[in-house]
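Participant: Make a model of this:
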Amino acid sequence: MNGIQTVLQLLQRIVSSPWPDLVGVDVGERAVRIVRVKRRGARAAVVSSGERAIDAEGADPAERRELVKRALADLVRERSLKGKEAALAVSGSDVVIRRISMPPMSRADLLPALTLECRKHVNFPMEEAELRYEILPKPEGSESPDVPVLVTIAHRRPLDELRELLEAAGLRPSLLTIRPIALRTLLRASSRIEPNEVVAYLDVESLYTHITVIKGEDIRFSREFGVGGATLTEALRRIVVPGQGTLELSWEEAEALKRAHGIPLGSQEAGSAGRIPLSAVSVMLRPALERFVRDLWNSFDYCNEQFQGEAVTRLVLLGAGSQVLNLPEYLAGVLKIRVERADLAESAMPSRGRARPGQDGISSESALGLALTNRSALNFARPAGAGVPYRVAEAIPQRAAAAAAAVLVISVALPAEVNVARERGRVETLQHGLSALAPRMDGLRRFRAAREEETRLHDLLEHLTGGQVLWSYALRDLSHRVGPDVRLTALDVLEPEVPAAGTAQAASAQAPVRQVRITGLLRTQSRRPEEVLGELMQSLARSPVLGGVRLEGCQAVSPSVSEFTITAGIAE
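Facilitator: Residues are numbered from 1 along each chain as shown. Down below sits the predicted model:
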């Protein structure tokens, strides 16, 4: 028995070991960045890091993919990385990340159960998706037998595009994971895991901001929203100055103004930047900052509701976009929690672990986290049902695996009778389990029938008592249907017009239906606004609380963002 345990521990160590030589790839909106990490035993060091800008403004999705492919291929060629194993994070509207509690079950049953459960979380067919999961540790003190699972569903099309991108650049796609996994790896490497504190990490990029909420090793929430550093710069392109009118600034001038003065606060607003008073800068930044804070509040409220009052107590700003002057002070004043900046790359890889003299520093924290990720992480590059043998074969070099196989063939020969007896015992166990489940199936059917009857009677009682809008149910249903590419900005209730008493219209009209007007933003990226808007209206039309969904208007705000207005009747 001790020998078997030793072998199992050895296999577990092999399966969860890090890659000895891995290249992390970070594809941003304006640049491609890579970080190569090599290991010598337990010590890891960055041996290569680089960045290549992408001028994709005005380019269509196909042209942008070609620009990214050429930029990555140039980096691979310059750094002599051809044939190296690579890691890349998947993100965007075609990726859904959820934390789900599942009843205890075997790993063989867990994947089909998750596939069935996750159909309601995606707006594309599950037949066109890939699903990967990670079993999370149970919260301390939890008495529930349910198992928390981090589930990621991604459309197969962008996954194929990412594999093609890495292969076209000369790299081997060994790890396709998600940004929260890379962030958690970086936190481990920098010894910043907080086991008893709920911390939100904000990675501010050019066009988008990624938020991840973590407690200890538990990834509780992750999403991205369409406000980034470029949003603040765009807000400063047209500044209204009292007594002077509207001042038009170029992108470079607005970016320089943002970097020099950031968010003017307090006495700073009395100053000026040339002919521009800083008080006017504060006024122009306010709408973008309010959108930014509103998305943060929505994320924090969701986490607070899901985890029974365990609120976020600290916000950590990451990325180059977080370097805006006074941004931590502004967020701390509005959110009323501690806000700080962090350089996780410096903490994880101090100067002795950085690149060799003469080479660049670490170009991307996300790429560094990917390059440090272990083999046991959630991985779309590995088949969904890959078990321990596949993962061991993946981790062991081919020559070592061939030698080990030869030794096993020569030295180990199990009698056929042992295998037959083992299979017979397994069949008997399965038969016993099936017979034990029969009464439970009958009980489950009775419970479902009783629950349906209870729901029907509850709806009938509400109808008979006059009907009231259950706003908590309506808003929760609406939040589940808008999708990751839609951000709601306003929800107005429109009271119906009641015909005057005694008129023919009043005598023949049915009870008026209350309307709601929904206003929001669409993030289109590589897709047409009509396509994203059509998915949204189809999703709203399936809602049990909304009806008569009608588009009032839609107009472009920027090349990748459109504003829309929709009205719909609400059930009472």
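Participant: rest of the way, CA atoms for contacts and neighbours
Facilitator: Noted.
Participant: and residue 150, that one's in a strand?
Facilitator: Yes: counting by DSSP: H, G, I helix; E, B strand; the rest coil, residue 150 is located in a strand.
Participant: ok, then the element right after the longest strand belonging to the chain?
Facilitator: Among all segments of the chain classified by DSSP state E, the strand with the greatest residue count is strand 546-558. Secondary structure here is assigned by DSSP states H and E; on that basis, the next helix or strand after strand 546-558 toward the C-terminus is strand 561-570.
Participant: Tabulate the CA atom coordinates of that following strand in PDB.
Facilitator: Only the C-alpha atoms of strand 561-570 are listed here, as PDB (Å, rounded to 0.1, in the frame of the first residue of the first chain):
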ATOM      1  CA  VAL A 561     -19.000  50.600 -29.200                       C
ATOM      2  CA  SER A 562     -22.600  51.400 -30.100                       C
ATOM      3  CA  GLU A 563     -25.400  52.800 -28.000                       C
ATOM      4  CA  PHE A 564     -28.900  51.300 -28.200                       C
ATOM      5  CA  THR A 565     -32.400  51.900 -26.800                       C
ATOM      6  CA  ILE A 566     -35.000  49.100 -26.400                       C
ATOM      7  CA  THR A 567     -38.600  49.100 -25.000                       C
ATOM      8  CA  ALA A 568     -40.500  46.100 -23.800                       C
ATOM      9  CA  GLY A 569     -43.600  45.300 -21.800                       C
ATOM     10  CA  ILE A 570     -43.100  43.900 -18.300                       C
END
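Participant: Please enumerate the helices of the stretch 51-200 of the chain.
Facilitator: Secondary structure of the stretch 51-200 of the chain (DSSP state H, counting those that start in this stretch): helices at 61-78, 107-117, 156-168, 179-189.
Participant: roughly how far apart are residue 264 and residue 205?
Facilitator: Taking Cα to Cα, to the nearest Å as the criterion, residue 264 is separated from residue 205 by 21 Å.
Participant: swap in residue 108?
Facilitator: For residue 108, the distance to residue 205 - Cα to Cα - is 39 Å.
Participant: Repeat that for residue 135.
Facilitator: Separation of residue 135 from residue 205 (Cα to Cα) stands at 29 Å.
Participant: So if I had to pick from the two, which one is more boxed in?
Facilitator: Neighbours around residue 135 and residue 205, counted as other Cα atoms under 10 Å, are more numerous at residue 205. The numbers are 21 against 17.
Participant: could you give the angle of the longest strand of the chain to strand 561-570?
Facilitator: Angle between the axes of strand 546-558 and strand 561-570 is 170 degrees (criterion: axes from the mean of the first three to the mean of the last three Cα atoms, to 10 degrees).
Participant: Can you give the strand pairings for strand 546-558, parallel or anti for each?
Facilitator: The sheet places strand 546-558 alongside strand 561-570 (antiparallel), with pairing taken from DSSP bridges.
Participant: Residues in contact with the partner strand: which ones?
Facilitator: Contacts made with strand 561-570 from outside it, assessed by Cα atoms under 8 Å, 6 or more residues apart in numbering, are listed as 469, 513-525, 529, 545-557.
Participant: tell me the mean pLDDT for that strand?
Facilitator: Mean per-residue pLDDT for strand 561-570: 88.
Participant: Stretch 204-220 now?
Facilitator: According to the model, stretch 204-220 has a mean pLDDT of 87.
Participant: Strands along the stretch 101-250 of the chain, start to end?
Facilitator: Counting by DSSP state E, counting those that start in this stretch, the segments of the stretch 101-250 of the chain that form strands are 129-135, 147-155, 172-178, 198-204, 209-215, 218-225, 238-241, 245-248.
Participant: can you redo those as CSV with distance to residue 287?
Facilitator: As requested, the strands of the stretch 101-250 of the chain are arranged in CSV below (distance: least, Cα to Cα, whole Å):
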stretch, distance to residue 287
strand 129-135, 37
strand 147-155, 33
strand 172-178, 30
strand 198-204, 17
strand 209-215, 16
strand 218-225, 15
strand 238-241, 13
strand 245-248, 17
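Participant: To residue 51, which of those strands lies closest?
Facilitator: Smallest distance to residue 51 across the strands of the stretch 101-250 of the chain (Cα to Cα): 17.8 Å, for strand 198-204.
Participant: so where's the stretch 251-400 of the chain uncertain?
Facilitator: Scanning the stretch 251-400 of the chain for pLDDT under 70 picks out 350-361, 385-400.
Participant: Apply 50 and report the result again.
Facilitator: For the stretch 251-400 of the chain, the stretches with pLDDT under 50 are 352-359.
Participant: Strands of that one, start to end?
Facilitator: Residue ranges of the strands in the stretch 251-400 of the chain, as given by DSSP E, counting those that start in this stretch, are 272-273, 276-277, 314-318, 338-341.
Participant: Among the ones you listed, show me which one is buried the most.
Facilitator: Of all the strands of the stretch 251-400 of the chain, strand 314-318 carries the top mean neighbour count, a mean of 21, counting by mean count of other Cα atoms under 10 Å.
Participant: re the thing from before, the strands of the stretch 251-400 of the chain: which one's closest to residue 461?
Facilitator: With Cα to Cα as the criterion, residue 461 lies closest to strand 314-318 of these, at 44.9 Å.
Participant: distance of residue 169 from residue 371?
Facilitator: In this structure, residue 169 lies at 17 Å from residue 371, with Cα to Cα as the measure.
Participant: Those two: who's more crowded?
Facilitator: The neighbour comparison of residue 169 against residue 371 (other Cα under 10 Å) goes to residue 371, with 32 against 21.
Participant: I'd guessed the more buried one sits against residue 44; true?
Facilitator: No: using Cα atoms under 8 Å, residue 371 makes no contact with residue 44, being 10.0 Å away.
Participant: who touches both of those two?
Facilitator: Jointly contacting residue 371 and residue 44 under the rule Cα under 8 Å, 6+ apart are residue 37.
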